[in-house]
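Fold the following and give me the result.
(3 chains)
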Amino acid sequence: MARLIAFRIAQAIPVMFVVAVLTFLLMHLLPGDPATIIAGDMADQAAIAQVRHDLGLDRPVAMQLWLWVANLAQGDFGTSLMLNQPVAEAVLERLPVTGSLAVVAFLITIPTGIVLGVIAAVWRDTWADTAVMLLALIGVSVPNFWIAILSVILFSVTLGWFPSSGYVPLQDDFGRWLASLIQPAVVLALFQIGYLARMTRSAMLDVLDQDYIRTARAKGVSITITVAKHAFRNTLMQVVTVSGYILSLLIGGSVVIEQIFAMPGIGRLLVQAIMARDYPVVQGTMLMLGFAFVFINILIDLIYAYVDPRVRYD
Amino acid sequence: MTDRLASPAEPQPVLSPGATRRRILMRRLWRHRSFRIGGGIVLAIALLALAAPLLTSTEPTQMNLRARFAPPSAEYLFGADNFGRDIFTRVLYGARISLWIGCASALLAAAGGAMVGMVSAWFRPLDGVIMRIMDALLAFPAILLAIGINAALGPQVTSVIIALAFAYIPRMARIVRAAALVVRELDYVDAARVSGAGGARIIFRHILPNCMAPLLVSVTFVFAYAILAEAALSFLGIGPPPPDPSWGNIIAEGRDYSVQAWWIMLFPGLAISFSALGINLLGDGLRDVLDPRLKVEA
Amino acid sequence: MLQLYSRKMLGALLLATALTSASVAPAMAQSETPKTGGTITYANNSGPGQLDPQMAASLVELEVLAHVYEGLVSMDETYSAKPMLAESYDISDDGRTFTFHLRKGVKFHNGDEMTSADVKATYERYAEVSPGKGALADVKEYRTPDAYTFVIELNNLNAVFIDKLKTPVYPIYIMPASQRNAPPRGTEVIGTGPFKLGEWVKDSHLIIEKNPDYSARTDMGGPSGYVGKKEVFVDAVRYNFLPEANARVAAMQTGEADITTALPLDLAKRLEGVEGVTPVTVFPYCQQYLILHSSQAPTDNRLIRQAIRTATDVDDLIIASGEAAKKNFSMVYPNGEYFIGEANAGWYDAGDPEKAKALLKEAGYKGEELLLQTNTNYDYMRDSLIVLGEQLKAAGMKVKLDITDWTTNASNMQSGKGGWNVSTTSFCSNPILGPQQWETMIYNFPHIQNNKPLDDAYAKFYSSLKLEDRVAAWKDIEAEVLDGAYMIKVSDRGSNRALSNDLKGFRPYNINLFWGMWLDR
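Residues are numbered from 1 along each chain as shown, chains lettered A, B, ... in the order given. Model (predicted):
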C-alpha cells in the first residue's frame, strides 16, 4: 500500500511539472504589467522600470522560468508580487477557508444526495420520484452565483438568519464558524446534491432491477431490508468512486462562492492573482492545488479498496 | 492499477449501425418523456434566439438613458437596465452568444476528446503518458482550467469557447478511450486490421462511429455545464466582453442592482436555468436510450 | 468585483460645503461627549497588499498607513501643507534651505523616541526606493545638527518643495532608522501614529489598535485632515475586506459593519430608507477623464481628437457611469488656488455630433477604426466608455470597444502599448495637489511628444516665484491639454459611503480617518 502511494505520487510529479510550466508560460503570455499596478499611476516610466527590476521581472522569461524551477526544487514557491508574502504561506493561510467550505459542503452533499436518490429509487415512478428528480435537475441547472445573490437578499438581508459575508476561523468560535459557512456551503452544494441524487438513483435502480433482488422481493422480504442490504452497498461503492470528483467540483465552485461571500480562500486568491498578474501566486497555487487533487484521488482509491475487498491494486 | 475509477462503466458498443436500428432508437427516444420535454425546451429557446430580430424591434445595445431601470411593462417586457437597454431584447440576443458558447465548446471538447481518446486507445505506447496527463487535468476543477486559459487568451467569445473546450477535453477523452478500447478488441476490427486496413481508416470507419453514443450523451451534459460556466466566468469578469449581451454578462452587470432592479438579473438567470434544465433533460433521454449504463455524466 | 490592489489612487480633500448627504449627517454633531471603547467595523472594498509607505499608491494601503504613520508635514483639511511631526519649519530667504524642528517625546510603536536620525534615514531610503523619489530630486544634502533638527538643502530653488513633501501618495512617513536598508515593500510596520497595526489576515481583515502612548499635538483645536489633534476614542478599528459592493451594503443593512465605502450610487440609494444607516457622498474625491492617445493613429490627429471631444455628451456619460458626479470643466476644483474660471471652460461637454462630423471632414477622416479600451473591474469606466462608443458612432466614427481587465488596461494606458485610442480613468490627488503633481499624468497618459506650448508653459511654471505667475502658466497648460483634447474632462466624482447612526464624529474627507470617531452604544 505504501509503495502504491509512493508510486502514484512519483507518477504525478512529472505531470504536475508540465502543468506548472504551462501555467508559467500562459501567465507570461498575458498582456499587462504587474509592475505598473504596483508602482501606481503617479509613477513615471523610470519608476515603473525600477519596480520591475526590484521584482526581477526585467529578466528574460526563460531565465525567470529557470529561477522559478530551481527554487521549486528547493521547496521554495516564490514570493507574491502583490501580497508581498511567500506563496506557500499565502496558500496555507487560505487553505482552512476553502477547506472548511468544501468539507462542510461535502458533508451536506453526501447524505442529502444519497437520501434523495434512495427515495427516488425506492419509490420509483411515483410523485416522490418525480419531485425529487425535478429538484435534482434544478440543482444541476441553476447558476450557483445567481442563487447566492438571491439567497443573501432573502436569508441575510430580509430575514437576518445568516451573516451576509465573511469567514470566522474555526479556532475563534465554532458556532460563528459554522454560521459563516452554512449559507455559502448550502448554495455551493446544490449542484453536487443534484448530481449525486441523480447518480444514486440510477445506481440503486441498477441493483433493484437485478434478478436476485426481484427474487428476494418475491419471497416477501420487505423493501426496506432489501434496500438496506443489497442495493445500498452497491450504491455506496459508486458514491466513493465519484466523491473525488464531487470534492473537485466543490473546490472549483468555491471560486465564485468565495467572491460573493467575501471569504478569503484559495479561489479568491487565485482569481485576484490572475487579474493582477501575480505570476508566482498563480503558478504556486495551481501546482499546490494539483497536488491536493492527486492526493485526494489517491485517498479515494484507498477508501475504495477498503470498502470493496474485491479491488486489489497491483 | 485499476481503470475502474476513471471509467465506472464501460459503454456497450453499438454493433451494426443500420437504418433499422436508427429508426428504433428514434422511436424509443421519442417515447422518452425527458427527451421530449427537454428537446421541446431546447428547440423553443433556440428558435427564440434565431427569431430575435422578429420578436423585438430594438437592438440589444440600444440605449435610452431616460428609461434607466424601467421596471417590466408593456414597453419593456423584462424591464430595462442601467443604460435603459431592453432586457427582453438582451436576453433574446444573449441566447445566441450563450448557446453558441455552450454548443461550440461542447463540440470542440468532443472533437478534441475524441482525438485524444482514439490516439490513446490505438497507439498503446502513448496511452500511459496521455492518460496520466488527462488524469492530472481531470483532477483540476474545469472552472479553474477555464479561468486560467481564458485569462491568457484575453476576453473574447472565442477564448471562452476554447477555454471551456480545453477544460472538458479530459473527460471526453476518457469516455472515448474506454469505448474505443472495447471496440478495438472486437472481431471485425481485428479482421479489418488483418486485411491490411490502415490505422486511420479503422479509427474513422469502425471505432469512431461506435463511440458516438457515449460521446453524444457527454456532449449534451457538457453543453449544459458550459452554459453555467460561461455565466460563472462572466461573473468573475472574464466572460464574453460587453456590450454584446450574453446571459452571464447581463447578470454580472446587473448584480449591483439586484434589489432595486431585480429584473436585470432575474430574467437571464431564469433563461440559463431553463436552458440548462432542458439540455439536461435531453441528455437524460439520450443516455437512457443510447447508453443506459453510462451513469456518471461526462 | 476585484477592486483589490488597484483602487484608483488617492484623493481629494473635502470642502465642508461640498458634502451632500441624503439627510443631515448624523455624525456631525460635535457637542456630544464622546464615549470611549469598542471596535469600529469598516467594510472596505479590498485590503492592502503591503504596508511600506514609500511604495504605497493604492487607496486601501494609504488609508491604513495614515493611521499608523505620520510625516514631517502633511495635508490639512484644506489641502495645505501643515507640520505634523515637525513642530515647525523655516525656509531660508533664498528658498533653498528647509529647517524642520522636530517635536520632542514622539515615540515609535516600538517605544523608541523619534529623532533626526530616523528622519534622515527615512528620506535617504525614500530617495532610493520610492516611485515618488522625483520629489527629492533637487536635494543636495540632509543635515542633522542635533537630535531634534533636520535640514534639507536643495541644489536649486523650488517654490513648491513643501507641497511635494505633503504628498499623500508614496507618503514620506517617518520610520525608525532601523528600516533604512529594508528592501522595497519589506519594512516592518512601526510608525508614530495614533493607531498601531494589529492582526492582519490578507484578503480577510486588518485591525488597527489604539496606541496608548500616542502624544497628540495640542496646538490645534481638533483634527484637520492628516494633521491636528488626533484623539482616539475606540479601542480598535477592524477593516473587513468585502470586494462585492452588494456584500458591503448587506453588511450595513444587517449591522455587521459600522461604515463602508466605494458604493456605486445606485447601490448607495438602497440604504436611504434603511433605519440606523445614513448614506453619505463625499466631494471632492476624484476627477474622471477620457484619455486620448496622441501618439497613436488616428488620434495623433489633433482635429480628430477635437472631434471626439465635440461629440462627447458628458451628461449621458455621468448617468451611465452610475457615479455620484458633478459637472466641472476644470482640471482643478473651483475653490483651488489654480482654478482658472470661465476662460478655460470652452472645451467641456459639447455633445454636438454635427459639429464633430464637420471636424472629422476637416481632418480628412476616412473611417479609420478607433479603439476604445477599458476594463471589467471598474464598472463606471466600462459603462461610460460603452456610452461614449455610442456617441462617437452617432457622430460618424468607426468604433471598436475592447474591454479587458484593469491590469492590461492600466499598463497599456501608461506604456502606450495595446493600440488603444481612447480610454478612461480617474485622477484623485493631482487635482488637489496642483500643477507639479499633474505633470507626470499630463505627459504620460496621453503620450504627449514634442508639444512646445506645453513644455514652455511648464518651464515658466517652475521658474516663477510668484503664485500669480504660476497660475498664469497653469492657465496655458490647462488650455493646451483641454483644447488639444489630450484629455477630455468628464466629471468630479464623489465617494459614496454609508455610516451607522451610532458611529459619531465622522468628518467627510478623501479617506476615512478614525481618530475623533466614537461609538454611541
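
Helices of the stretch 351-500 of chain C, start to end?
Secondary structure of the stretch 351-500 of chain C (DSSP state H, counting those that start in this stretch): helices located at C:353-363, C:379-394, C:406-415, C:430-433, C:435-444, C:452-463, C:467-483.

Which one of those helices lies nearest to chain A?
helix C:406-415 (3.8 Å; CB to the nearest CB). For every residue, glycine as well, the C-beta is placed using N, CA and C.

Report the separation between B:A173 and B:S218.
Distance from B:A173 to B:S218, counting by CB to CB, to the nearest Å: 10 Å.

Check A:S100 too.
For A:S100, the distance to B:S218 - CB to CB - is 33 Å.

Who has more neighbours out of those two?
Shown here are A:S100 and B:S218; by other CB atoms under 10 Å in any protein chain shown, B:S218 has more neighbours (28 against 22).

Against B:A178, how distant is the more buried one?
Taking CB to CB, one finds B:S218 at 11 Å from B:A178.

now do C:N421
Going from C:N421 to B:A178 by CB to CB gives 53 Å.

Would you map the helices across chain A?
Secondary structure of chain A, counting by DSSP state H: helices at A:2-29, A:34-39, A:45-54, A:61-73, A:87-122, A:127-139, A:144-151, A:174-208, A:211-218, A:223-226, A:232-260, A:266-276, A:279-307.

and these, which is most packed in?
By mean neighbour count, with neighbours taken as mean count of other CB atoms under 10 Å in any protein chain shown, helix A:266-276 ranks first of the helices of chain A at a mean of 27.

if we look at stretch C:445-463, which residues are touching it?
C:158, C:291-296, C:413-414, C:416, C:425, C:435-436, C:439, C:442-443, C:469-470, C:472-474, C:476-477, C:480-481, C:484, C:486-487 (CB atoms under 8 Å, 6 or more residues apart in numbering or on different chains).

what helix or strand is the residue in the stretch 51-200 of chain C positioned nearest to chain A on?
Residue of the stretch 51-200 of chain C nearest chain A, by CB to the nearest CB: C:A57 (2.4 Å). In the assignment (DSSP states H and E), C:A57 maps to no helix and no strand.

so where do the helices sit in the stretch 51-200 of chain C?
For the stretch 51-200 of chain C, applying DSSP H, counting those that start in this stretch gives helices covering C:59-68, C:116-129, C:161-165.

Any chance of TSV for the ones you listed, columns mean pLDDT, distance to A:P60 and mean neighbour count?
Below are those laid out as TSV (pLDDT from 0 to 100; distance: least, CB to CB, whole Å; neighbours: other CB atoms under 10 Å in any protein chain shown):
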stretch	mean pLDDT	distance to A:P60	mean neighbour count
helix C:59-68	95	31	25
helix C:116-129	96	24	20
helix C:161-165	88	37	20
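
contacting residues for the residue lying closest to the residue of the stretch 51-200 of chain C closest to chain A once chain neighbours are set aside?
Distance criterion CB to CB, 6 or more residues apart in numbering or on different chains; nearest residue to C:A57, sequence neighbours excluded, is A:G40 at 2.4 Å. Each residue near A:G40 by CB under 8 Å, 6+ apart is listed here: C:9, C:57-58, C:131, C:169-170.

try C:D315
If a contact means CB under 8 Å, 6+ apart, then C:D315 has C:327, C:349, C:351 as its contacts.

So for the helix or strand containing it, mean pLDDT?
Per DSSP H and E, C:D315 falls inside helix C:314-321. Computed over helix C:314-321, the mean pLDDT rounds to 91.

After it, heading C-terminal, what element do we hit next?
With DSSP H and E, the next secondary element past helix C:314-321 is strand C:325-326.

thinking again about what came up before, can you tell me which of the contacts of A:G40 lies nearest to C:S46?
The closest of these to C:S46 turns out to be C:S58 (CB to CB; 8.3 Å).

Residues that sit against both of B:A173 and B:S218, list them.
Shared contacts of B:A173 and B:S218 (CB under 8 Å, 6+ apart): B:G113.

ok, back up a step: in terms of model confidence, name the weakest of the contacts of A:G40.
The member of the contacts of A:G40 with the lowest pLDDT is C:M9, at 31.

mind saving the C-alpha coords of stretch A:5-22 as PDB?
As requested, C-alpha coordinates have been extracted for stretch A:5-22 and formatted as PDB (Å, rounded to 0.1, in the frame of the first residue of the first chain):
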ATOM      1  CA  ILE A   5       1.000   5.700  -2.700                       C
ATOM      2  CA  ALA A   6       4.700   6.500  -3.400                       C
ATOM      3  CA  PHE A   7       4.300   5.200  -6.900                       C
ATOM      4  CA  ARG A   8       1.200   7.400  -7.500                       C
ATOM      5  CA  ILE A   9       2.900  10.400  -6.200                       C
ATOM      6  CA  ALA A  10       6.000   9.800  -8.200                       C
ATOM      7  CA  GLN A  11       3.800   9.400 -11.300                       C
ATOM      8  CA  ALA A  12       2.100  12.700 -10.600                       C
ATOM      9  CA  ILE A  13       5.300  14.700 -10.300                       C
ATOM     10  CA  PRO A  14       6.300  15.000 -14.000                       C
ATOM     11  CA  VAL A  15       2.700  15.700 -14.900                       C
ATOM     12  CA  MET A  16       2.500  18.400 -12.300                       C
ATOM     13  CA  PHE A  17       5.700  19.800 -13.600                       C
ATOM     14  CA  VAL A  18       4.200  20.100 -17.100                       C
ATOM     15  CA  VAL A  19       1.200  21.800 -15.700                       C
ATOM     16  CA  ALA A  20       3.400  24.200 -13.800                       C
ATOM     17  CA  VAL A  21       5.500  25.100 -16.800                       C
ATOM     18  CA  LEU A  22       2.400  25.500 -19.000                       C
END
